[in-house]
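Asks: Generate coordinates for the sequence data below:
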Amino acid sequence: MKKSTFGIGLIVIYAFLTVLVLVTLLPIAYTISASFKPNTEIMSGGAHLIPKTFTFENYETAWSMGASGGFGAGRKPTTFADYTVNSAQLALLTMIGSVILTSMAAYCFQRGNFPGRKVLYNMFLATMFIAAGSVTLFPIVQLAVALKINNLYGAAIVQIFLSSAVNLFLTIGYLRTISRELDDAAKIDGCSFFRTYYNIILPLCKPILATIALISFRYAWNDYLLPLVMTIGKPSTYPLIVGITALKSFGGEGAAQYNLLMAGTMFSIMPMILIYIMMNRYFITGITQGAVKG
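Replies: Here you go, the predicted model:
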């Protein structure tokens, strides 16, 4: 009886997970399929996944077109190629800054011994529960305007600090798995506090730092609201997500051409898929160890 109950429960679990996977993957599969269809085939209706007419022209056209200006506006238009470069700059700057800031802050909080350490750590973690889009966006933008960093690079700076609390929590959890005896041995060998961090702790934190890098890159690549506000009125600095939305919402060559929008959407999806595939091993190791020990 117990085996029968266990078997039914397992079937229910697998059925639920199968439905969940299908609900998650079907929209992505349709986007991939639609990116290879002519616009007439998409507009004519039908949710068939296999294109009747298969074409790569959508990608070629989308890569060389943009949302503002157009080819007949008397100036070089901002293209999807430009949007992709902007997104890459934003995501890479955010990723590098987050890894450096998080690793140094986590080491100081976890290994340091200074007055108010726990209070500062708890105050910093409390920011995890404040959403930038609902409470802090307006003062952040006002401060950025005052400092004259209301641009793509300013968005990267803001994103580094907005994502640091969660990253810090995970990194400190991982640091707790590293024995303090290594610090003592390094101190005996004459290493300073920072030298111990750079030569001993940092190389041992590759899994969690790869996780932080992936999370930060994904966050910066997919973020829409902050980059939109920080680059508003500057179409040449739009990241890819903002550019795709502008292409649909504000007219331009791609308005109502869903085949081009789907191709543009694939430009934004493919880098994240490739990065996750390459860093999946580090990501799983870092996220599990950091979360369990945190």
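Asks: Go ahead and flag the most central residue of this structure.
Replies: Using Cα atoms, centre = their mean, the residue of the chain that lies closest to the mean C-alpha position is Arg218, 1.4 Å off.
Asks: Identify the spatial nearest neighbour of that one, chain neighbours not counted.
Replies: Once flanking residues are discounted, Arg218 sits nearest to Met272: 5.8 Å by Cβ to Cβ, 6 or more residues apart in numbering. Every C-beta, even on glycine, is put in place using the N, C-alpha and C of the backbone.
Asks: And for Tyr121?
Replies: Phe109 (5.0 Å).
Asks: Which elements pack onto the helix or strand hosting Met104?
Replies: Applying DSSP states H and E as the criterion places Met104 in helix 80-111. If you count contacts as 3 or more Cβ pairs under 8 Å, 6 or more residues apart in numbering; DSSP states H and E, helix 80-111 packs onto helix 57-63, helix 117-126, helix 152-162, helix 164-175, helix 206-222, helix 240-249, helix 258-293.
Asks: Please give me every residue in contact with the spatially closest residue to Met104 that is not a sequence neighbour.
Replies: Nearest non-adjacent residue to Met104, counting by Cβ to Cβ, 6+ apart: Tyr197, 7.2 Å away. Neighbour list for Tyr197: 103-104, 107, 111 [criterion: Cβ atoms under 8 Å, 6 or more residues apart in numbering].
Asks: weakest of the helices and strands packed on helix 80-111 by average pLDDT?
Replies: In terms of mean pLDDT, the lowest-scoring of the helices and strands packed on helix 80-111 is helix 258-293 (a mean of 71).
Asks: Isn't the residue nearest to Tyr121 up against Leu168?
Replies: Yes: the pair Phe109 / Leu168 is scored as a contact, 7.3 Å apart, by Cβ atoms under 8 Å.
Asks: OK, contacts around Pro51?
Replies: So Pro51 contacts 33, 36-37, 41 (Cβ under 8 Å, 6+ apart).
Asks: Let me know how buried the residue nearest to Tyr121 is, in neighbour terms.
Replies: Neighbours of Phe109 under the rule other Cβ atoms under 10 Å: 19.
Asks: Please apply the same query to Ala15.
Replies: Counted with other Cβ under 10 Å, the neighbours of Ala15 add up to 10.
Asks: any idea which helix or strand carries it?
Replies: helix 2-34.
Asks: Can you mark which positions in that helix are buried?
Replies: Of the residues in helix 2-34, 33-34 count as buried by neighbour count, 16 or more other Cβ atoms under 10 Å.
Asks: then the helix or strand following that helix to CSV, C-alphas only?
Replies: Once helix 2-34 ends, the next helix or strand along the chain (criterion: DSSP H and E) is helix 39-43. Extracted C-alpha coordinates of helix 39-43, given in CSV (Å, rounded to 0.1, in the frame of the first residue of the first chain):
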residue,chain,number,x,y,z
ASN,A,39,5.7,38.8,-40.6
THR,A,40,2.7,37.8,-42.7
GLU,A,41,2.9,34.3,-41.3
ILE,A,42,2.9,35.6,-37.7
MET,A,43,0.1,38.1,-38.4
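Asks: which residues touch helix 39-43?
Replies: Residues contacting helix 39-43 (Cβ under 8 Å, 6+ apart): 34, 51-53, 257-260, 262.
Asks: again with stretch 147-155
Replies: Against stretch 147-155 from outside (Cβ under 8 Å, 6+ apart): 86, 89-90, 93, 141, 144, 157, 226-227, 230-231, 234, 237, 239.
Asks: which pair in the residues you listed spans the largest distance?
Replies: Gln89 and Val141 (19.9 Å; Cβ to Cβ).
Asks: any idea how far the spatially closest residue to Leu228 that is not a sequence neighbour is from Gly97?
Replies: Nearest in space to Leu228, with sequence neighbours left out and distances taken as Cβ to Cβ, 6+ apart, is Val242 at 5.0 Å. According to Cβ to Cβ, to the nearest Å, Val242 and Gly97 sit 20 Å apart.
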